[in-house]
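Peer 1: Make a model of this:
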Amino acid sequence: ANVVHVKSLPGYQTRHNNLDLVIIREQTEGEYSSLEHESAKGVIECLKIITRAKSQRIAKFAFDYATKKGRSKVTAVHKANIMKLGDGLFLQCCKDVAELYPKIKFDTMIIDNCCMQLVQNPYQFDVLVMPNLYGNIVDNLAAGLVGGAGVVPGESYSAEYAVFELGARHPFAQAVGRNIANPTAMLLSASNMLRHLNLEYHSNMVSDAVKKVIKGGKVRTADMGGYSTSIDFTQAVIEAL
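Peer 2: Residues are numbered from 1 along each chain as shown. Predicted structure coming up:
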């Protein structure tokens with residue numbers, strides 16, 4: 001399961017402020033199953049794999065997450081109106097799991113409408129759960145609502161391991177090696193890792209320092225409307241610890 005917590009940063013104004021939603025994405029099947037072949041010359045078939053086991057697993061993860069984090073609603077995002085079997089199975093699994101969590105509100109939304117609603121009124125969402133490809137796209141869309149790829153942390157969980165990384169990807173390859181990328185997402189990912197390791201105090205130290213620098217408004221990278229370098233920002237966070 002991939003988890004991206006899209007939350008507005010204090011002191012950094014965007015089109016939508018005080019936003020707080022979570023995107024949970026299945027990331028081992030769907031369109032990213034890497035099953036492609038050329039069935040005839042010039043004809044490519046890409047297989048989308050949806051299984052009951054993994055759909056139930058990601059749905060349960062979403063509801064468990066909502067319960068643990070005190071969230072009130074889970075929205076299943078799908079395209080079952082067109083892909084009646086594949087996304088239909090995913091949607092039905094979400095509905096079945098939802099019945100086991102009567103205290104959590106549950107609704108569904110078609111992916112294209114979801115994208116429009118995220119732009120128009122993102123405050124209606126709390127926790128969103130969806131298949132692989134949709135989640136990949138919505139992660140980036142939602143990150144743009146609070147400042148872009150440089151400010152949103154992400155995390156991925158299996159039964160045994162956890163990986164903490166950026167919630168979205170910097171879209172500009174020209175940033176590589178130029179000391180202009182925003183370290184915020186990586187630092188907040190590190191904070192989440194420390195919290196996962198039960199190092200709550202140290203986790204809060206890092207996240208509080210990052211938020212203090214952003215709220216101060218004096219040290220900001222180009223994507224946040226500033227002129228500071230990656231090193232400038234990182235040094236400011238170190239000094240704020």
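Peer 1: could you pull out the helices for the protein?
Peer 2: Assigned by DSSP state H, the chain shows helices spanning 52-68, 86-98, 111-120, 132-146, 184-196, 200-216, 230-240.
Peer 1: How is this structure divided into domains?
Peer 2: If you go by automatic domain parsing, the domain ranges for the chain are 2-147, 172-241.
Peer 1: Show the low-confidence segments of this structure, by residue range.
Peer 2: Where the chain drops to pLDDT under 70, the residues are 170-175.
Peer 1: quick one on the thing from earlier: between the helices of the chain, which gets nearest to residue 4?
Peer 2: helix 132-146 (4.9 Å; C-beta to C-beta). C-beta here means a position set from N, CA and C on the backbone, and glycine is covered the same way.
Peer 1: Who are the contact partners of the closest residue to residue 167 other than its chain neighbours?
Peer 2: Distance criterion C-beta to C-beta, 6 or more residues apart in numbering; nearest residue to residue 167, sequence neighbours excluded, is residue 154 at 3.3 Å. Contacts for residue 154 (C-beta atoms under 8 Å, 6 or more residues apart in numbering) come out as 2-4, 139, 164-168, 185, 189.
Peer 1: Swap in 6 Å and give it another go.
Peer 2: Residues near residue 154 by C-beta atoms under 6 Å, 6 or more residues apart in numbering: 4, 165-167.
Peer 1: Tell me what it is bridged to.
Peer 2: Note on residue 154: beta-bridge partners residue 4, residue 165, judged by DSSP bridges.
Peer 1: Who are the contact partners of residue 10?
Peer 2: Residue 10 touches 211, 215, counting by C-beta under 6 Å, 6+ apart.
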